[in-house]
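Asks: mind looking at a prediction? Sequence and model below.
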Amino acid sequence: MQYRAVSRGESWDGGLAGSVLVHDVRDARGAVCVAKGRVLNLDDVARLRTAPWQELHVAALAPDDMHEDDAGPRLACAAAGGGVRVGERSAGHWPLIAARRGIVDIAIDPLAEVNGREGLSVYTLFHGHVVDEGEVVARAKITPFAVPRGLVEGAVGVARAAGGLVRVRAFRRARVGAVVLTSLGERQATNIARFGESLGEKVSWLGGELLPPIVSETRRDAVTSALRAELGRGCDVLVVAGTRAMDELDPTFLALADLGGQRVRQGVPAHPGSLFWIARVGTVPVLGLPSCGLFSEATVFDLVLPRILCGDAIGAAELAGLGHGGFLTRDMAFRFPPYRRSRRRGEVAD
C-alpha cells in the first residue's frame with residue numbers, strides 16, 4: 001500500500017475511488033459517514049464532498065495487495081482445525097469458535113511462524129485449555145487495512161500443513177468406575193452420597209458415564225473384590241476415594257498389587273491435590289482422589305481426568321509437568337472445566 005494525504009481543494013476527489021480510507025470521516029452532526037478501512041467507491045466520494053474535513057489520509061492498493069476483508073477470513077479458515085469454526089467478523093477480528101466440547105490443541109511452532117509475518121495475527125487460549133461448545137478459542141486479525149497476497153498465502157500454507165493452528169479434541173464416551181471406601185463416611189454419613197453426586201456431575205460434563213459406585217470396607221480383600229468388580233464392568237477409568245495416600249500399607253495399594261497393578265506416581269507437584277496418585281491395572285488408569293477433591297473443590301484431578309477422557313496417556317512425566325502452573329489459586333481457575341455456568345470453573349455442587 002502507498003499512503004497519501006489529500007487536502008481539500010478543487011481537484012481533491014480525483015482518483016480517490018478504489019483507495020482505502022485510513023480514518024473515520026464524520027458528518028456535521030459528528031456521526032461517521034464513511035468508515036475507516038473502507039475501499040472507497042463513487043458513492044463514498046460523493047458523501048465525502050458534503051463532510052466537513054480538511055485533510056484525508058488514504059492508501060492506494062498495490063496489484064498484489066489483499067484487503068483485510070478478504071485476507072482475514074482466509075487466514076481464519078486456515079487457522080481453524082478440527083472442532084473449530086470461524087465466526088462472523090467483530091471489531092476487526094475473526095473469532096475461532098469451539099464447535100464441540102473438549103480440549104484445545106495449539107500448533108505452537110506453526111502459530112509462531114504465522115505470527116512472525118508482520119501484519120498477520122492469530123492469538124489463542126493456552127494449549128490444553130478445556131472449553132465448552134461455543135467458546136471463543138482464538139482470533140485472527142489483519143493489522144493493516146491490506147497486506148501482500150504472498151504474505152497471506154504463505155501463512156495459509158503453514159497453517160494448513162499443521163492441520164490448523166487451533167483444534168478442539170472431543171472427549172470420548174468413557175465408562176468411569178468408582179470405589180468408595182467406608183472410611184470416607186466415618187467423618188460424615190452423607191460424604192459417600194455427596195462424592196457420587198460430585199463425581200457424576202463432572203464425568204457427565206466430560207461426556208462420560210459414571211457406573212454406580214461400589215462402597216467397600218477398608219480391608220485388603222474387600223477392596224480387591226471391589227476393584228475387580230468395577231474392572232469387570234468394563235470401565236475405562238477407575239476412581240478410588242478414601243485412601244490414605246501416605247500409607248504404603250493402605251488396603252487400596254495392597255489390593256492393586258494383588259490385581260497386578262502398577263503405581264505410576266504417588267503425589268504430584270500441584271496444590272490443591274498434591275496427594276493425588278495414579279496407578280494402572282492393565283490398560284485401565286486408576287486415580288486416587290485427594291480428600292480436598294472429593295466434593296465440589298477443583299483440584300489437580302480436574303486437570304488430569306479431562307486429558308484421560310480425551311485419550312491422552314498420563315504417565316509420570318506428564319504428572320511431573322503439572323508443576324508448571326500447578327499452584328492452583330483462584331486466579332488459576334481458568335484451567336478447570338466449566339462444569340456449571342453459575343459457578344467458578346472447576347466447581348460443582350456444594
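Replies: Arrived safely, thanks for sending.

Asks: quick one, strands of the stretch 201-350 of the chain?
Replies: 209-210, 214-216, 237-241, 262-266, 277-281, 284-288 (DSSP state E, counting those that start in this stretch).

Asks: now the third one - C-alpha only, PDB.
Replies: In other words, strand 237-241. Taking C-alpha atoms only, strand 237-241 is exported to PDB below (Å, rounded to 0.1, in the frame of the first residue of the first chain):
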ATOM      1  CA  VAL A 237     -11.100 -45.300  34.100                       C
ATOM      2  CA  LEU A 238     -11.400 -46.200  37.800                       C
ATOM      3  CA  VAL A 239     -11.500 -43.700  40.600                       C
ATOM      4  CA  VAL A 240     -10.900 -44.600  44.200                       C
ATOM      5  CA  ALA A 241     -11.900 -42.400  47.100                       C
END
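
Asks: before we move on, the earlier item: which of the strands of the stretch 201-350 of the chain is buried the deepest?
Replies: strand 237-241 (a mean of 24; mean count of other C-beta atoms under 10 Å). Where you see a C-beta, it was placed from the backbone N, CA and C, and this is true even at glycine.

Asks: the chain - how does it break down into domains?
Replies: Recorded structural domains for the chain (assignment: automatic domain parsing) are 2-61, 66-169, 175-335.

Asks: now the last one, how far from the chain's geometric center?
Replies: Spelled out, that is domain 175-335. Centre-to-centre, domain 175-335 and its host chain are 23 Å apart (C-alpha atoms, centre = their mean, to the nearest Å).

Asks: ends of that domain, how far apart?
Replies: 24 Å (C-alpha to C-alpha, to the nearest Å).

Asks: average pLDDT for that domain?
Replies: The average pLDDT for domain 175-335 rounds to 91.

Asks: can you put the domains of the chain in CSV and add distance to Arg343?
Replies: Formatted as CSV, the domains of the chain follow (distance: least, C-beta to C-beta, whole Å):
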stretch, distance to Arg343
domain 2-61, 41
domain 66-169, 13
domain 175-335, 8
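
Asks: of those domains, which is nearest Arg341?
Replies: Between Arg341 and those, the shortest separation by C-beta to C-beta is 8.5 Å, and it involves domain 66-169.

Asks: distance to Arg4 added to the strands of the stretch 201-350 of the chain, as TSV?
Replies: Below are those laid out as TSV (distance: least, C-beta to C-beta, whole Å):
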stretch	distance to Arg4
strand 209-210	66
strand 214-216	78
strand 237-241	65
strand 262-266	65
strand 277-281	65
strand 284-288	65
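
Asks: of those strands, which is nearest Leu256?
Replies: With C-beta to C-beta as the criterion, Leu256 lies closest to strand 277-281 of those, at 5.3 Å.

Asks: angle of the closest one against strand 237-241?
Replies: If you take axes from the mean of the first three to the mean of the last three C-alpha atoms, to 10 degrees, strand 277-281 sits at 130 degrees to strand 237-241.

Asks: tell me the helices and strands packed up against strand 277-281.
Replies: Counting contacts by 3 or more C-beta pairs under 8 Å, 6 or more residues apart in numbering; DSSP states H and E, strand 277-281 packs against strand 262-266, strand 284-288.

Asks: before we move on, back to that, out of the domains of the chain, the one nearest Val348 is which?
Replies: domain 175-335 (4.6 Å).

Asks: middle-most residue in this protein, spatially?
Replies: The chain has His129 as the residue nearest its centroid, 3.2 Å off, counting by C-alpha atoms, centre = their mean.

Asks: and it, what does it touch?
Replies: Ile103, Val104, Val137, Phe334, Arg335 (C-beta atoms under 8 Å, 6 or more residues apart in numbering).

Asks: contacts only, for the last one.
Replies: What it means is Arg335. Taking C-beta under 8 Å, 6+ apart, one finds Phe126, His129, Val130, Leu303, Gly325, Leu328, Arg345, Gly346 in contact with Arg335.

Asks: which one of the helices and strands packed on strand 277-281 lies nearest to Val180?
Replies: Set against Val180 and scored by C-beta to C-beta, the helices and strands packed on strand 277-281 come closest in strand 284-288, at 12.0 Å.

Asks: partner strands of that closest one, parallel or antiparallel?
Replies: Partner strands for strand 284-288, per DSSP bridges, with pairing direction: strand 237-241 (parallel), strand 277-281 (antiparallel).
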